[in-house]
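In: for reference, the sequence and a predicted model appear below.
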Amino acid sequence: MSALRKSKRWIVLAAIATSTVISYTYSTFQSTAVDLTKQQLEDLLTISTGPHVGASWTDGDGSDNPIAVFGTASHPILIDDTMIVDQRTGVIQVGDTEGSTFNLALLKLPHGSEFGFLGVARGPTIKHDFLVVNGFRAREQSLVAFGMNLTSAGQLQVVTPTHKLDIPMVPREGCLWTGQWAATYGPEDPRLFWTDAGTPALTYGGFADETENCRTVIFVSDMRHIYAPLAQALKGKIAPPTIQPGDSIHKSLHRAVGHGRNEKNWVAFYPGSTPNPLGVVPHIHYSFAPMRRLEPAFTTPRLVEYHDIIDIDKSREHCVAKAHPEFGWNPIHQATPMYRLTLCARGCLATDHNTILITVGHMKLKPRYAKYFVAFNSTPPYDAISVGPLFSLGEYMFSISADDLTAGLDDAKHINYALTLAPIQDADMAATSKPIATPVKYLDNHFFIDDDVLLTMGHDDDAMYSTMFPVRDAIGRMKLCSEIPA
């Protein structure tokens, strides 16, 4: 067991002993549910342990102490951008490019797959002379995919060739209002997650079908349709990929009322504590300020139409904004998908009474992206339960340049943009360890309270980093939405 996991274990046990939240031991397999009362849940979310002790809640709160730092050291994830293979041609990508691979989205794969994690990131931008839009040279954005493993030290390493995904896009009339950015086209903002139906899904920022709109969120229900190495890696682990005749692999997500001309940062989630085998299309958390959730109404071959979930009780719709009032409302937006978190040790039974949804949110303060966790109910209306304090991330394990060496992951000076979370147990880092047995099959992105969190991020739009910290840190010292004035 790693030092991080050992220290995490005692922090959680101490917290439980102090607050009498849950009565269980980590060594006991539990096939029965460990349900929580409302008071136990609130105690668990609000207790201060580990990095929260003595830390500031947020900037400017009058404390001389810094905000909490999660994780020990952040690891860079290195890609050779000169060796990216274009899926359309099967040869190494050529052309005039700018930038590098950054903004890594991550998906944990079933134990025993050919590689442990799927990575999808923003690739270098390709510049084209043959196309000029609004007087500017065309710039083609791209997404790249690769397989990864996690070392015993908690460091992600790329173990397959890097492929540029074949996602055709061209400049759109609906983007002309953006000026020079109308000449920039191609996919961006990848997010990976498991659907309830058990398929590895992707959302990304792409062009809207409507000519009057610019960008929207695109949903791919099964990455195996667009990245063949994943099909081989998962062979025998999940059911083979299928697609209905005439159905599009890339579906636009559309809000029936209030859809904007430049949509992004939609957060996918699936209701309940356990997967619905028929649940392919996700629900969406559309906005944090104010809280807005969407549910799928119907699906066509190219589109998923969403309707707003109506809040009868509006007392929590401004919970995030009021938990961090010093930042106002406009900079607040979502970051990672939402993940199920069961508040007992891995091996217990997940129920609607012990499982919540968690996500990381951002506050955009250029060049900074301040970060915080939010907990939500996993049952309708999927409203917010609590909001965490701002947190920063451990500094670099090693650096690529002297400037980075002195700066570290300083959130005050750098963009450190969180994209995805993955639950980690010992078996994910050590080949000799076996996964902890569970009474039922859970998705591979389902968290339990004794897991670690593997967080991936983009750094300054030109690099990828990851760090690890205990789940218990993620949900500590939260403010309860029920106690924040409406």
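Out: Nice, thanks for sending it over.
In: now the end-to-end length of stretch 289-308.
Out: Distance between the two ends of stretch 289-308: 15 Å, counting by Cα to Cα, to the nearest Å.
In: ok, what's across the strand from the nearest residue to residue 358 once chain neighbours are set aside?
Out: Among residues not flanking residue 358 along the chain, residue 341 sits closest, at 4.9 Å (Cβ to Cβ, 6 or more residues apart in numbering). In short, each C-beta sits where N, CA and C put it, glycine included. Counting by DSSP bridges, residue 341 is bridged to residue 356, residue 447.
In: tally of neighbours for residue 341?
Out: 26 (other Cβ atoms under 10 Å).
In: wait, what's in contact with it?
Out: Applying Cβ atoms under 8 Å, 6 or more residues apart in numbering, one finds that residue 341 lies in contact with 355-358, 375, 446-449, 471, 475.
In: try it again at 7 Å.
Out: 355-356, 358, 447, 471 (Cβ atoms under 7 Å, 6 or more residues apart in numbering).
In: which of those residues lies closest to residue 128?
Out: residue 358 (41.1 Å; Cβ to Cβ).
In: where do the helices sit along the protein?
Out: Applying DSSP state H to the chain gives helices spanning 3-19, 38-46, 228-233, 319-323, 402-407, 471-474.
In: list the buried ones in stretch 362-378?
Out: For stretch 362-378, the buried set under the neighbour-count rule, 16 or more other Cβ atoms under 10 Å, comprises 362-364, 368-378.
In: what is the nearest of those to residue 292?
Out: Nearest member of the buried residues of stretch 362-378 to residue 292, counting by Cβ to Cβ, is residue 376, at 12.7 Å.
In: in the stretch 201-350 of the chain, which ranges drop under the pLDDT threshold?
Out: Applying pLDDT under 70 to the stretch 201-350 of the chain flags the ranges 329-330.
In: and the two most separated of the contacts of residue 341?
Out: 355 and 471 (12.9 Å).
In: out of these two, which sits in the more crowded spot?
Out: Using other Cβ under 10 Å as the criterion, residue 355 and residue 471 rank with residue 355 on top: 25 against 22.
In: what sits against that one?
Out: Counted by Cβ under 7 Å, 6+ apart, residue 355 has contacts 273, 340-342, 378.
In: how many other residues sit next to the residue lying closest to it once chain neighbours are set aside?
Out: Leaving aside its sequence neighbours, residue 355 sits nearest to residue 273 (Cβ to Cβ, 6+ apart; 3.6 Å). Using other Cβ under 10 Å, residue 273 has 21 neighbouring residues.
In: wait, residue 273 touches residue 350, no?
Out: Yes - if you go by Cβ atoms under 7 Å, residue 273 and residue 350 touch, sitting 4.5 Å apart.
In: let me have the contacts of residue 355 in TSV, extended by distance to residue 46.
Out: Below are these laid out as TSV (distance: Cβ to Cβ, whole Å):
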residue	distance to residue 46
273	22
340	21
341	15
342	18
378	19
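In: of the residues you listed, closest to residue 45?
Out: residue 341 (10.6 Å).
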